[in-house]
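Q: From the sequence below, what's the structure:
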Amino acid sequence: MEQILQSIVIGFPILIYHLGLTVALFGLGLYTYVKVTPLHEFNLVRDGNQAAGLSLSGVIIGLALPLAFSMKASVNGTDIVFWGIVIVILQLSSFLAAHLLLSDLSKRIENGEMAAAWLLFGLNIALAMFIAAAISG
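A: I've put the predicted structure just below:
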């Protein structure tokens, strides 16, 4: 029993540190995405735009999935930060890739076109799965 308590005492601060770094990177990634893309997805979601909600959900899952795998595969906070920044940059590239496929993607999502939102959602999730697999080895 004493070993379990000692493990918790030693491990809990590390857990909080790694979790905090990962959540901060997630927040930074989401903030950056919202600022660099022409969509104002949070406002569109507040107005009931389902396409924007789906698109933003893809971004949220697309960031969280590889960040979680990165946290699991990392050996320290520096690893988490380094790979987290790489993940954010790669995930932002999925929006660019989607824009290359559909030049009017932002306008379509603003207009509530679910097909465009599903495309962006799918690209975000697919890329997240590839990144997560690559990071976890």
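
Q: Tell me how many other residues surround the residue nearest to residue 84 when sequence neighbours are not counted.
A: Spatially, and ignoring its direct neighbours in sequence, residue 84 is nearest to residue 25 (3.6 Å; Cβ to Cβ, 6 or more residues apart in numbering). In this view, the C-beta of every residue, glycine as well, is placed from N, C-alpha and C. Applying other Cβ atoms under 10 Å, we find 21 residues neighbouring residue 25.

Q: Mind giving me the packing neighbours of the helix or strand harbouring residue 25?
A: Using DSSP states H and E, residue 25 maps to helix 2-36. The contact analysis (3 or more Cβ pairs under 8 Å, 6 or more residues apart in numbering; DSSP states H and E) places helix 2-36 against helix 50-73, helix 77-101.

Q: Run the angle between that helix and helix 50-73 for me.
A: With axes from the mean of the first three to the mean of the last three Cα atoms, to 10 degrees applied, the angle from helix 2-36 to helix 50-73 works out at 140 degrees.

Q: sorry, back to before: list the contacts for the residue nearest to residue 84?
A: Shown in contact with residue 25 (Cβ atoms under 8 Å, 6 or more residues apart in numbering): 67, 80-81, 84-85, 87-88.

Q: Name the helix or strand of this structure that has the lowest mean pLDDT.
A: helix 77-101 (a mean of 88; mean pLDDT, DSSP states H and E).

Q: Who are the packing partners of that one?
A: Using 3+ Cβ pairs under 8 Å, 6+ apart: helix 77-101 touches helix 2-36, helix 50-73, helix 105-110, helix 114-136.

Q: which stretch among the ones you listed comes nearest residue 97?
A: Closest of those to residue 97 is helix 114-136, at 6.1 Å (criterion: Cβ to Cβ).

Q: what's the spacing between that closest one and its chain's center?
A: Offset of helix 114-136 from its chain centre (Cα atoms, centre = their mean, to the nearest Å): 10 Å.
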